[in-house]
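K.L.:
task: produce atomic coordinates for the following.
(one chain, ligands or ions: 1)
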Amino acid sequence: MNTDKAECGHLAELSARLGEQLDGYLSFRHPDAMQQADTWRQALELPVPENGVGVDAVLAELGQWVIPNGSPIPNPGCTAFITTGATTIGALATLAGSVAAPQRIGLTAFNFLEELSLDWMARMFGLPKGMKGLYSSGGSVANLVALGAARQSAFERLGIDPAREGVCRPCRLYASVECHHSVQRAAAVLGLGRQSVCKIETDAGGRMSTTALRRQLMADQGENRVPIAVVANAGSTNRGAIDPLREIGETARAYSLWFHVDGAYGLPGILDPRVQPLYDGLELADSVIVDPHKWLGAPVGIGATYVKDRELLNRAFTQEAATYLEGSCTTEGVAHSMDNLGIPYADMGVELSAPSRGAVVWALIREIGIAGLRERICRHNSLARHVAERAEAHPNLDVVSEPTLSICGIRYLSERWNDLNELNRRIHRRMVQRGRSIPSTTVVNGALAIRPCFVGARTTLKEADELVDEMLAVGQEVARMNEEAAG
Ligand SMILES: Cc1ncc(COP(=O)(O)O)c(C=O)c1O
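P.N.:
I've put the predicted structure just below:
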């Protein structure tokens with residue numbers, strides 16, 4: 001079997017075939033993967049092959065068994081979690097990078113776009129002047145990197161290098177009860193311990209209470225713990241809430257604390273003039289994160305951390321020098337793209353090998369510009385408002401979480417059900433199984449809510465209306481089934 005066909009210039013032909021298969025997938029006429037799980041599992045579950053079948057056969061198997069049984073996440077009716085499919089240009093630029101610049105290192109156009117696209121985002125989202133970025137695999141790692149910088153800063157002020165010496169004192173991180181759980185994991189990985197995260201209560205809108213934050217900071221004074229950072233949400237995962245950034249930032253300053261803003265989901269919301277004022281105070285941040293793979297439509301695997309002082313990242317994450325790496329490079333007489341690794345991103349985070357993510361973000365912005373992205377973000381925010389308005393107007397629906405950005409929380413009401421959480425849990429399960437509208441759920445002040453989050457580039461008013469219609473239809477059906485069961 002000729003195993004080298006794809007290695008010899010057949011990419012155009014083969015990727016055209018793959019493109020057809022993917023276009024077919026994106027028409028969303030196929031059944032859900034679980035409906036034929038036995039069939040495709042049987043076809044795929046083979047012993048590890050001694051001999052290959054060749055690129056044509058693999059491509060055929062991809063088209064027959066794998067792609068049609070992929071995920072509903074790119075479907076415009078899927079509004080679960082905070083995730084979506086890549087836009088076409090995002091997918092294409094990823095392919096381009098994987099072929100033409102499989103590593104971000106080197107003095108290539110791809111490496112150049114790494115920095116340029118980070119700077120473009122910083123400008124687009126109004127980040128403090130001078131902030132510089134670093135890509136990683138997503139929001140969890142981006143938070144880890146930012147909090148690593150915060151840890152470095154806090155300990156250096158005590159004359160300790162935590163990256164070298166380890167964390168030798170109990171620490172404290174402050175974040176709201178609505179913070180993303182990657183904050184606790186980052187605390188664990190950084191040696192601060194999950195318990196170091198002190199959860200600050202929120203107001204009725206899910207925003208951190210600055211009164212409670214100040215109270216806690218005051219109470220903790222004189223304690224033998226190293227305060228590391230205050231983490232604020234610019235778009236919380238559950239509700240899309242934006243914490244009062246200015247008040248939190250000023251409080252952090254007053255206590256000489258690092259101010260981190262988690263905008264993994266919500267930072268691009270700043271492009272919507274209706275909510276832009278809520279980002280007031282962003283300029284006080286010492287670090288900010290944003291995930292292009294959420295609201296910007298990048299393929300999953302792209303997050304970004306911004307800090308005011310990238311040198312700090314270098315000290316927090318630098319690796320011991322490796323002769324095979326640095327020894328192969330030069331800064332003098334640079335004339336070849338492999339003479340130099342380019343900006344040493346690998347020393348600023350936790351990844352050495354890493355794909356060229358910058359070209360993807362560059363392509364996403366270059367394709368439709370800030371105006372196109374703004375239009376999409378405003379549309380998504382309007383969809384959440386539209387769903388909330390329809391819910392408000394319907395006697396069987398209730399809004400339990402008003403949208404700030406593109407998330408809202410609504411639930412079905414029925415006088416004949418005592419346990420509305422159970423009713424809505426069942427409605428949600430049934431909606432998922434029908435597969436037309438796939439939101440997720442959350443709990444707001446004890447109330448289980450159906451929670452659509454609109455971030456898909458393909459999602460329009462049609463899908464927002466379908467979600468409400470589907471919820472009403474399923475709600476009636478589930479309520480009726482219960483009555484029948486009761487006799
Ligand atoms: C606010 C926030 N921060 C961080 C994350 C983690 O991002 P990722 O899933 O890309 O690791 C999420 C994920 O939804 C999030 O909503």
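K.L.:
hmm, who's touching the lowest-mean-pLDDT helix or strand in the chain?
P.N.:
The weakest-scoring helix or strand in the chain, judged by mean pLDDT, DSSP states H and E, is helix 323-326 (a mean of 81). The contact list for helix 323-326, computed with Cβ atoms under 8 Å, 6 or more residues apart in numbering, reads Leu341. From N, CA and C alone the C-beta is placed, and that goes for glycine too.
K.L.:
C-terminal to it, what's the next element?
P.N.:
helix 358-393 (DSSP states H and E).
K.L.:
buried residues in that following helix, which are they?
P.N.:
When burial is assessed from 16 or more other Cβ atoms under 10 Å, helix 358-393 yields the following buried residues: 358-365, 367-368, 373-374, 376-388, 390-391.
K.L.:
just stretch 97-115 next, same as before
P.N.:
97, 101, 103-108, 110-111, 113-115.
K.L.:
near the ligand, which residues of the stretch 301-450 of the chain show up?
P.N.:
Taking Cβ under 6 Å from any ligand atom as the criterion, the stretch 301-450 of the chain approaches the ligand at residues Gly303.
K.L.:
count of neighbours near the residue of the stretch 301-450 of the chain found nearest the ligand?
P.N.:
Closest contact between the stretch 301-450 of the chain and the ligand, by Cβ to the nearest ligand atom, is at Gly303 (5.4 Å). By other Cβ atoms under 10 Å, 26 other residues sit near Gly303.
K.L.:
need the next SSE after the strand ranked longest in the chain, C-terminal direction.
P.N.:
Looking across the chain with DSSP state E, the single longest strand is strand 226-233. Remark: after strand 226-233, the chain's next helix or strand is helix 245-254, criterion DSSP H and E.
K.L.:
centre of the chain to that next one, how far?
P.N.:
For helix 245-254, the distance from its own C-alpha centre to the chain's C-alpha centre is 25 Å (Cα atoms, centre = their mean, to the nearest Å).
K.L.:
okay, buried residues for that helix please.
P.N.:
Leu245, Glu247, Ile248, Gly249, Thr251, Ala252.
K.L.:
find the nearest non-adjacent residue to the last one, please.
P.N.:
Of all residues beyond its chain neighbours, the one nearest Ala252 is Phe259 (4.0 Å), with distances taken as Cβ to Cβ, 6 or more residues apart in numbering.
K.L.:
pull the residues that contact stretch 270-284.
P.N.:
By Cβ under 8 Å, 6+ apart, stretch 270-284 touches 124-128, 234, 242, 244-250, 252-253, 259, 261, 269, 288, 370, 373-374, 377-378, 381, 404-405.
K.L.:
can we see that at 7 Å?
P.N.:
125-128, 234, 242, 245-246, 249-250, 253, 259, 261, 269, 370, 373-374, 377-378, 381, 404-405 (Cβ atoms under 7 Å, 6 or more residues apart in numbering).
K.L.:
CA atoms only: put it into PDB for me.
P.N.:
In PDB, the C-alpha atoms belonging to stretch 270-284 read as follows (Å, rounded to 0.1, in the frame of the first residue of the first chain):
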ATOM      1  CA  ILE A 270     -17.300  44.900  24.900                       C
ATOM      2  CA  LEU A 271     -17.900  45.400  21.200                       C
ATOM      3  CA  ASP A 272     -21.600  45.700  21.800                       C
ATOM      4  CA  PRO A 273     -22.200  49.400  22.600                       C
ATOM      5  CA  ARG A 274     -25.200  48.500  24.800                       C
ATOM      6  CA  VAL A 275     -23.000  46.700  27.300                       C
ATOM      7  CA  GLN A 276     -19.700  48.400  26.800                       C
ATOM      8  CA  PRO A 277     -20.000  50.600  29.900                       C
ATOM      9  CA  LEU A 278     -20.100  47.500  32.000                       C
ATOM     10  CA  TYR A 279     -16.500  46.900  31.200                       C
ATOM     11  CA  ASP A 280     -15.400  50.200  32.800                       C
ATOM     12  CA  GLY A 281     -12.400  49.500  35.000                       C
ATOM     13  CA  LEU A 282     -10.800  47.000  32.700                       C
ATOM     14  CA  GLU A 283      -7.800  49.200  32.400                       C
ATOM     15  CA  LEU A 284      -7.000  48.400  36.100                       C
END
